[in-house]
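> All I have is the shape, not the residue letters:
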């Protein structure tokens, strides 16, 4: 059980940091909008990335030197746009932020979630390269990968469905405006970090 526990611990540590993806899952959970689909997309995406890293896909950035910079620019552009849209929602406020109202179609929610996941270069650095590199120090690499995947599934579903406990707080439109402000600024901060190469 040593490798699965190590994979679980490292996977959970990497995913706990607040980021655009986690903020989106939290908001969908608070809205009770397509929560299962969003959590499933995040967990399945992580599983694919972890499997790729453990299988040695992390060598891609070494083989293609432009790959990391391309992912940084694409991720920063998307986060800049999404952050601006969220900040505009915070500025306008109004009924669109009422608790329980749908945040778009399932297709829109899933596509946004996919973009926040796959256009984020940090996910490749953390999930693919770091987990892939660490897994090589274990004989049971598949157990390590399974532990990291389990951490991802538990985290996303706990975040998505646990957000409902906060629903009474977000029944007031002003709370939604503050949440959108926080999410928008977080996305812009991450975009700036990507552009600066941090």
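Nice, I can see it. Because the structure is a prediction, the values reported are computed rather than measured. Numbers count the residues shown, from 1 in each chain.

> hey, which helix is longest across the chain?
The residue-count maximum for a helix in the chain (DSSP state H) belongs to helix 66-92.

> Next, the angle from the helix or strand just after it to helix 66-92.
Counting by DSSP states H and E, the next helix or strand C-terminal to helix 66-92 is helix 106-118. Note on geometry: by axes from the mean of the first three to the mean of the last three CA atoms, to 10 degrees, helix 106-118 and helix 66-92 are set 130 degrees apart in direction.

> Report all helices and strands that helix 106-118 contacts.
Helix 106-118 makes packing contacts with helix 20-31, helix 35-54, helix 66-92 when contacts are defined by 3 or more CB pairs under 8 Å, 6 or more residues apart in numbering; DSSP states H and E. For the C-beta atoms, the positions are set from N, CA and C on the backbone; glycine is no exception.

> from the middle of its chain, how far away would the first one be?
A distance of 9 Å separates the centroid of the chain from that of helix 20-31, by CA atoms, centre = their mean, to the nearest Å.

> Over to stretch 188-198?
How far stretch 188-198 lies from its chain's middle: 16 Å, per CA atoms, centre = their mean.

> Kindly report the same for stretch 9-27.
Its chain's C-alpha centre and that of stretch 9-27 lie 6 Å apart, by CA atoms, centre = their mean.

> In contact with the residue nearest the centre of the chain, which residues?
The chain has residue 21 as the residue nearest its centroid, 2.7 Å off, counting by CA atoms, centre = their mean. Counting by CB atoms under 8 Å, 6 or more residues apart in numbering, residue 21 touches 42, 113, 116, 117, 120, 123.

> now these in JSON lines, with neighbour count?
Shown next, in JSON lines, are the contacts of residue 21 (neighbours: other CB atoms under 10 Å):
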{"residue": "42", "neighbour count": "26"}
{"residue": "113", "neighbour count": "22"}
{"residue": "116", "neighbour count": "26"}
{"residue": "117", "neighbour count": "20"}
{"residue": "120", "neighbour count": "24"}
{"residue": "123", "neighbour count": "21"}
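
> Most widely separated two among the residues you listed?
Pairwise distances across these (CB to CB) peak at 12.2 Å, for the pair 113 and 123.

> low pLDDT regions in the chain?
Applying pLDDT under 70 to the chain flags residues 1, 16-18, 57-62, 68, 71, 94-103, 137, 170-171, 197-198.

> Looking at the chain, name the residue that lies furthest from the middle.
Largest centre distance within the chain, by CA atoms, centre = their mean: residue 139, 28.9 Å.

> Need the phi and psi values for that one.
Backbone geometry at residue 139, expressed as degrees, to the nearest 10, gives phi -70, psi -40.

> Just the element for the residue nearest to it when sequence neighbours are not counted, please.
Once flanking residues are discounted, residue 139 sits nearest to residue 3: 7.3 Å by CB to CB, 6 or more residues apart in numbering. Assessed by DSSP H and E, residue 3 sits inside helix 2-15.
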